[in-house]
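Undergrad: sequence and predicted structure below; questions after.
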Amino acid sequence: FYTGALLASYAVQAEVGDYDPDSVDVDGIPSYIKEMEFVPGQNEEFECQVAEFHKSHAGQTPSDAEMNMLDKVKRLELYGVDLHLAMDLEGIRLYIGISPTGIRIYQAGDMVRMNSFNWAKVLQVSFHKDKFYVQLRPQRNQ
């Protein structure tokens, strides 16, 4: 919730500039924030948090706001991960995430990372019919 609101506030700063108290409605949220859609199911609480974060960005240029947003985004767990729904041998749903650093396995639903394989350790990736295989390089001590 807070990360989404912070990212949205950087987008507002880049788009409209500094916080404008003259555009605040009776509910305390600027009209320009209400007009923007940041997340599905966006509510007043979210918009209020965006406005609070936006106040703290006074003086940032659009390029500074965008750089701050990108700096925050690059630290997110799922940034740059291409997710693919799959099932393990027991029929449990999971996601296979392909990222610049390697292959990650996430539990479906709560997106908890179950395992990861760095590209340096991956020897071969293949599939046959509905099975997906990752062959890892043998460890030196084995």
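TA: Looks like it came in fine. Numbers count the residues shown, from 1 in each chain.
Undergrad: going forward, measure contacts and count neighbours with C-alpha atoms only.
TA: Will do.
Undergrad: would you map the helices across the chain?
TA: Secondary structure of the chain, counting by DSSP state H: helices at 2-16, 31-34, 44-55, 62-73.
Undergrad: pipe those helices into a markdown table and attach distance to Q124 and mean pLDDT per row.
TA: Shown next, in a markdown table, are those (distance: least, C-alpha to C-alpha, whole Å; pLDDT from 0 to 100):
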| stretch | distance to Q124 | mean pLDDT |
| --- | --- | --- |
| helix 2-16 | 36 | 95 |
| helix 31-34 | 48 | 93 |
| helix 44-55 | 44 | 95 |
| helix 62-73 | 30 | 96 |
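Undergrad: export those to JSON lines and tack on mean neighbour count and distance to F117?
TA: Shown next, in JSON lines, are these (neighbours: other C-alpha atoms under 10 Å; distance: least, C-alpha to C-alpha, whole Å):
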{"stretch": "helix 2-16", "mean neighbour count": "20", "distance to F117": "27"}
{"stretch": "helix 31-34", "mean neighbour count": "17", "distance to F117": "41"}
{"stretch": "helix 44-55", "mean neighbour count": "19", "distance to F117": "36"}
{"stretch": "helix 62-73", "mean neighbour count": "15", "distance to F117": "22"}
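Undergrad: tell me which of the ones you listed lies nearest to D110.
TA: Of all those, helix 2-16 sits nearest to D110, with 16.9 Å by C-alpha to C-alpha.
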